[in-house]
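S.K.: Next comes the sequence, and after it the predicted model I'd like to discuss.
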Amino acid sequence: GLRRELMPRHLAVIMDGNRRWARMRGLPVVSGYEAGARAFRRIVELCCNWGIRVLTVFAFSSENWFRPKVETDFLMGLFERGLRDELRHLMRAGVRISIIGDISKLLKPLQVLLADAMDTTINNSRLHLIIAVNYSGQNDVVQACQKLAVKVKDGLIEPEEINESLVERELETNCTDFPHPDLLIRTSGELRISNFLLWQLAYTELYFADSLWPDFGEDEFLEALCSFQRRQRRYGGQNS
Ligand SMILES: CC(C)CCOP(=O)(O)OP(=O)(O)O
Ligand SMILES: [Mg+2]
């Protein structure tokens, strides 16, 4: 059985396999995205119930823009409708929402809604939900380098002072007390990181589930956590 003291503090999830889920059922792609949104709401509840502190989800990658416009338009609409419907519930449930990624490319109403959700929930402490929208792990590192370069140029720091903690402070995930995911779950059988969090995953336990994201429910969630609790995390330490 699961031991509460061995729960991951920070869980990261790549919610993959929504279109395949729809196609297997002879449904339109948008039904897959809607089923994925239901699975997303479910895992937020599960993280609250199981005392996970931070949940980072890959909701839309910068590469996803290359999908048909009808799909990207639908996804953006889904994010907006979902957030409008859920914001009060998340607020009452004590969920804090942060957004990572370049949201300047999104339509203004969605940008306003995301900023409002971050402001409204900033003092919540039950679960910190970080939603990666138009996020690129490589761009996250690039923008951190740019901010450090400015500090060097402005004479605030010397190049030799730059170390891991200075870089981490500039990453977009510096918004949380637990910036390093303890466990990453990717569904649908794909064995890739797909330019999600990169620096932050240095010592993260990776778990790949064959189930498609819409089918990832409580049983699959608990199986992933049991797998995590069975692992011996060495952080590159003792050789055994
Ligand atoms: C936008 C993203 C969360 C959707 C993930 O599912 P997907 O569209 O990649 O589905 P497929 O891998 O089945 O094409
Ligand atoms: Mg996919």
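M.R.: Yes, it's here. Numbers count the residues shown, from 1 in each chain. Ligands and ions are numbered 1, 2, ... in the order given.

S.K.: going forward, measure contacts and count neighbours with C-alpha atoms only.
M.R.: Noted.

S.K.: Ligand 1 versus the residue sitting furthest away from the middle of the chain, what's the distance?
M.R.: For the chain, the largest distance from the centre (Cα atoms, centre = their mean) belongs to G155, which lies 34.4 Å off. From G155 over to ligand 1 the distance is 41 Å, taken as Cα to the nearest ligand atom, to the nearest Å.

S.K.: Which of the three states applies to that residue?
M.R.: coil (DSSP: H, G, I helix; E, B strand; the rest coil).

S.K.: Tell me where this protein has helices.
M.R.: Along the chain, the segments classed as helices by DSSP state H run 18-24, 29-49, 69-92, 108-121, 137-153, 164-170, 218-230.

S.K.: just checking, what packs against the longest one?
M.R.: Here helix 69-92 touches helix 29-49, helix 108-121, going by 3 or more Cα pairs under 8 Å, 6 or more residues apart in numbering; DSSP states H and E.

S.K.: Quick check: mean pLDDT of stretch 65-82?
M.R.: What stretch 65-82 shows for mean pLDDT is 97.

S.K.: mind starting the numbering at 27 from now?
M.R.: In the new count, where the first residue is 27, that last one comes out as stretch 91-108.

S.K.: Ligand 1 contacts on this structure?
M.R.: 41-46, 85-86 (Cα under 6 Å from any ligand atom).

S.K.: who's in contact with I40?
M.R.: By Cα atoms under 8 Å, 6 or more residues apart in numbering, the contact set of I40 is 83-85, 210-213.

S.K.: again, only using 7 Å
M.R.: 83-84, 211-213 (Cα atoms under 7 Å, 6 or more residues apart in numbering).

S.K.: before we move on, what about G163?
M.R.: When contacts are counted by Cα under 7 Å, 6+ apart, G163 touches 221-224.

S.K.: same question, V83
M.R.: 38-40, 156-158.

S.K.: related to what we said a few turns ago, ok, the residue farthest from the centre of the chain - contacts?
M.R.: Residues in contact with G181 (Cα under 7 Å, 6+ apart): none are found.

S.K.: Any stretches of this structure with poor pLDDT?
M.R.: By pLDDT under 70, the weakly predicted segments of the chain are 258-260, 264-266.

S.K.: Burial check on R30, number of neighbours?
M.R.: The local packing count at R30 equals 11, with neighbours defined by other Cα atoms under 10 Å.

S.K.: now do A119
M.R.: By other Cα under 10 Å, 15 other residues sit near A119.

S.K.: same deal with G77?
M.R.: 15.

S.K.: before we move on, back to that, what remains of the contacts of G163 if I keep only buried residues?
M.R.: Buried by 16 or more other Cα atoms under 10 Å: 221-223, out of the contacts of G163.

S.K.: what comes up buried for stretch 239-252?
M.R.: Buried-residue list, stretch 239-252, by 16+ other Cα under 10 Å: 239-242, 250-252.

S.K.: same deal with stretch 96-115?
M.R.: 97, 101-102, 104-106, 109, 113.

S.K.: Equivalent analysis for stretch 114-134, please.
M.R.: Buried, per 16+ other Cα under 10 Å, within stretch 114-134: 116-117, 120-129.

S.K.: Could you list everything the nearest residue to F234 once chain neighbours are set aside pairs with in the sheet?
M.R.: Excluding its sequence neighbours, the residue lying closest to F234 (Cα to Cα, 6 or more residues apart in numbering) is R212, at 5.0 Å. Using DSSP bridges, the bridge partners assigned to R212 are I40, F234.
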